[in-house]
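[1] Let's see this in three dimensions:
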Amino acid sequence: MIPAPLRLRLDGDALVSNWRFLAAMSGPAACGAAVKANGYGLGAREVVRRLADAGCRDFFVATWNEALALAGLGVAVSVLHGMREEDLPAALAAGSARPVLNTVQQVRRWREAGGGACDVMVDTGMNRLGIRPEDVAAGLLDGLAVETLMSHLACADEDVPLNALQRERFAALAGRTAAKRMSLANSAGIALGADYAFDLTRPGISLYGGVQVAAFAEQIRQVVFPQVQLLQRRLVPAGQSVGYNATWTAQADTEVAIINLGYADGYLRCFSGKGRAWAGDIELPVIGRVSMDLTALDVSGAPDLAEGDWVTIDYSLPQTAALSGLSQYELITGLGGRFDRLWE
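    As a prediction, this is how the structure comes out:
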């Protein structure tokens with residue numbers, strides 16, 4: 001393979017440090033890891049290897065294809081979107097992967113197929129996936145080998161009454177099923193306190209550098225560092241413009257670098273005139289309009305930066321979210337397939 005002109009430098013030590021911090025905050029509860037969307041775009045197998053070596057034992061994906069992609073790693077995988085009819089053969093043969101049953105129909109399908117261990121999602125107020133608490137009370141899960149009974153917080157990163165209401169609804173299900181464990185808290189939910197941890201927490205975005213609540217600000221480390229190669233350096237005379245629709249005009253003679261990065265790679269047009277890169281400790285502002293494959297930088301402050309050199313894109317998730325108006329989830333999962341992913 002030819003090395004790509006753009007890469008993600010991925011800090012494995014930071015990933016593990018983030019998980020250990022979240023595990024400590026989880027208290028006596030086990031701490032798992034959401035690795036759906038291919039490990040939030042970083043490469044699920046590599047994420048799982050590192051976290052499993054650190055002591056993580058529970059992993060969560062969205063679909064059965066994502067579960068099958070983790071085959072051979074010897075870890076327990078829960079498939080959050082449950083089990084369609086098309087998924088049944090894979091689910092029955094999956095071994096260490098089990099469905100998170102979300103609907104009455106899925107529960108019946110699993111029971112009728114003679115399925116073994118499973119997890120179950122209960123909707124306590126998000127109105128997304130999950131059976132109703134009333135279904136549990138009516139005995140829907142009786143006789144099932146439920147490993148983990150779980151629910152999902154809708155507003156864990158906000159101080160709202162719904163958090164406590166969901167926790168109370170979920171706590172009321174304790175002992176109502178044969179489930180071995182109960183699980184409610186996602187990344188931000190861990191910071192809500194011990195009452196939300198139950199037996200197992202399920203962090204996601206904060207593993208990868210996302211900071212949703214103040215309690216994480218000094219502890220969660222950046223994991224993803226996009227780096228891009230310069231394709232060309234040029235002098236743009238005063239009065240001339242750069243990029244589509246001439247949205248930036250040089251007020252003085254300006255040294256400009258064109259880098260191999262654009263909205264096809266997840267670096268969206270909202271960074272036009274706002275984003276920045278770094279050459280060491282020299283700031284390089286984005287100028288003009290970000291296009292599909294190319295972005296322009298003002299490199300006047302970096303006289304030695306030349307064609308073929310690499311710059312690092314400013315991409316701290318909380319800061320970049322505030323700058324762009326995008327969510328931290330969008331920022332990390334949107335990074336495209338043209339990046340080489342290089343773990344350190």
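
[2] Skip the chain neighbours and tell me the closest residue to residue 15.
    Spatially, and ignoring its direct neighbours in sequence, residue 15 is nearest to residue 223 (5.2 Å; C-beta to C-beta, 6 or more residues apart in numbering). C-beta here means a position set from N, CA and C on the backbone, and glycine is covered the same way.

[3] Please tell me I have it right and the one you found contacts residue 11.
    Yes - with contact defined as C-beta atoms under 8 Å, residue 223 counts as touching residue 11 (5.2 Å).

[4] Those two: which has the busier surroundings?
    Each of residue 223 and residue 11 has its neighbours counted (other C-beta atoms under 10 Å); residue 223 has more, 25 against 17.

[5] Roughly how far does the residue nearest to residue 15 sit from residue 336?
    Applying C-beta to C-beta, to the nearest Å, the value for residue 223 to residue 336 is 17 Å.

[6] how about the residue nearest to residue 15, what does it touch?
    Residue 223 makes contact with 10-11, 14-15, 18, 42, 207-209, according to C-beta atoms under 8 Å, 6 or more residues apart in numbering.

[7] Show me these that map onto strands.
    The strands, defined by DSSP state E, take in residue 10 from those.

[8] Who are the packing partners of whichever helix or strand residue 59 is part of?
    For residue 59, the host element (DSSP states H and E) is strand 58-61. With contacts taken as 3 or more C-beta pairs under 8 Å, 6 or more residues apart in numbering; DSSP states H and E, strand 58-61 sits against strand 33-34, helix 44-54, strand 76-79.

[9] can you do 10 Å?
    Secondary-structure packing of strand 58-61 (3 or more C-beta pairs under 10 Å, 6 or more residues apart in numbering; DSSP states H and E): strand 33-34, helix 36-40, helix 44-54, helix 64-68, strand 76-79, strand 97-101, strand 146-150, strand 181-183.

[10] To residue 235, which of these lies closest?
    Proximity to residue 235, assessed across the helices and strands packed on strand 58-61 by C-beta to C-beta, is greatest for helix 36-40 (40.0 Å).

[11] Mind giving me the packing neighbours of the closest one?
    Packing partners of helix 36-40 (3+ C-beta pairs under 10 Å, 6+ apart): helix 44-54, strand 58-61, helix 64-68, helix 328-333.

[12] before we move on, the earlier item: any shared contact partners between residue 223 and residue 11?
    17-18, 209 (C-beta atoms under 10 Å, 6 or more residues apart in numbering).
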